[in-house]
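Student: Any chance you can model this:
(one chain, ligands or ions: 1)
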Amino acid sequence: MTDPTPAPSTGLEPEPPSAAAVFGDRLDVARTFTENLARHGEELGLIGPLELPRLWSRHVVNSGLVAPLLRPGRVGDVGSGAGLPGLVLAIARPDVHLTLIEPMERRVAWLERQVAELALGNVDVVRARAEEVKLKGRLDQVTARAVSALRTLIPITAPLLRPGGELVLMKGSGVDGEIGAAEKAIRKFRLSDVEVVVLGEGIVDDVTRVFRARVPSE
Ligand SMILES: C[S@@+](CC[C@H](N)C(=O)[O-])C[C@H]1O[C@@H](n2cnc3c(N)ncnc32)[C@H](O)[C@@H]1O
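Tutor: Model prediction:
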């Protein structure tokens with residue numbers, strides 16, 4: 001069992017016990033990423049100053065909880081920003097290939113630096129908006145977090161999926177209202193198996209909610 005690291009002088013939240021439960025033998029890599037983000041995230045405009053005291057629980061562990069929903073294959077993360085959840089998922093699931101899709105140059109540079117520093121062989125970073133990225137119909141699953149409401153997020157993420165592919169979109173407690181407002185998009189893209197998966201019960205205080213749905217197989 002690995003000892004939790006003490007909080008460094010950055011103001012970073014001490015590592016919670018849930019980190020070991022979520023990252024297992026990948027905890028050291030998750031730790032390096034979290035410390036890098038704590039050290040440089042604010043100056044690079046990736047996280048706000050208020051996020052450091054909750055960086056582990058609200059951002060890193062919260063993103064890592066999605067890892068068991070991924071299947072071996074090619075997953076795209078739309079609007080990765082600081083690497084949430086895409087880079088965190090690549091750390092937790094070395095058996096899955098992650099493509100991080102992010103339009104902002106400074107964020108792309110950060111993501112590329114982290115991929116190199118953490119020696120992640122299962123990640124590529126593409127500088128593009130989801131609407132323009134040349135990945136239409138290619139991905140097995142698409143993730144996203146804090147990019148936009150479902151009624152605008154579904155139309156830019158569903159076209160990236162191969163037939164039978166799956167959306168795995170992280171959402172807050174207002175997800176049911178978002179689903180109601182996205183009815184037209186859900187119909188237009190003929191999504192099936194629509195469900196809200198609640199992750200982290202018994203592991204974290206703030207559970208993570210995921211909107212999961214499938215595009216047609218043919
Ligand atoms: C609020 S940030 C969230 C970043 C990260 N997912 C997180 O949870 O911390 C939204 C991110 O989505 C990106 N973004 C916005 N519109 C996008 C689009 N159409 N396609 C791809 N990325 C987009 C932005 O550049 C930004 O990095």
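Student: So Val168 lies in a helix, does it not?
Tutor: No - judged by DSSP: H, G, I helix; E, B strand; the rest coil, Val168 forms no part of a helix; its state is strand.
Student: To which secondary structure element is the residue nearest to it when sequence neighbours are not counted assigned?
Tutor: Residue nearest to Val168 in three dimensions, not counting chain neighbours: Thr143, with 4.8 Å by CB to CB, 6 or more residues apart in numbering. Heads up, the C-betas are built off the backbone N, CA and C, glycines and all. Applying DSSP states H and E as the criterion places Thr143 in strand 139-145.
Student: ok, now which ones touch Pro159?
Tutor: 136-137, 189 (CB atoms under 8 Å, 6 or more residues apart in numbering).
Student: Name the nearest of these relative to the ligand.
Tutor: Nearest to the ligand among those: Lys136, at 13.4 Å, using CB to the nearest ligand atom.
Student: pLDDT at the residue positioned nearest the centre of the chain, what is it?
Tutor: By CA atoms, centre = their mean, the mean C-alpha position of the chain lies nearest to Pro85, the distance being 1.7 Å. In this model, Pro85 is scored at 98, pLDDT.
Student: residues contacting it?
Tutor: Pro85 makes contacts with 63-64, 66, 77, 143, 145, 170, as judged by CB under 8 Å, 6+ apart.
Student: By neighbours, which of these wins?
Tutor: Using other CB atoms under 10 Å as the neighbour test, the contacts of Pro85 are led by Asp77, with 31 neighbours.
Student: pLDDT averaged over the strand holding Thr143 - what is it?
Tutor: 98.
Student: Show residues contacting that strand.
Tutor: With CB under 8 Å, 6+ apart as the criterion, strand 139-145 contacts 63, 66, 69-71, 73-79, 84-86, 89, 99, 153, 157-158, 160-162, 165-170.
Student: Give me the buried subset of these.
Tutor: 63, 66, 69-70, 74-79, 84-86, 89, 99, 153, 157-158, 160-162, 165-170 (16 or more other CB atoms under 10 Å).
Student: in this protein, which segments are predicted with low confidence?
Tutor: Regions of the chain meeting the criterion pLDDT under 70 cover residues 1-9.
Student: Contacts only, for the residue nearest to Asp140 when sequence neighbours are not counted.
Tutor: Excluding the flanking residues, the one nearest Asp140 by CB to CB, 6+ apart is Gly73, at 3.6 Å. Gly73 makes contact with 96-97, 140-141, according to CB under 8 Å, 6+ apart.
Student: Tell me how far Gly73 lies from Glu105.
Tutor: For Gly73, the distance to Glu105 equals 28 Å [CB to CB, to the nearest Å].
Student: One more: Glu112?
Tutor: Where Glu105 is concerned, Glu112 sits at a distance of 11 Å (CB to CB).
Student: near the ligand, which residues of the chain show up?
Tutor: Within the chain, the positions lying close to the ligand (CB under 6 Å from any ligand atom) are 78-82, 84, 101-104, 107, 129-131, 145-147, 156.
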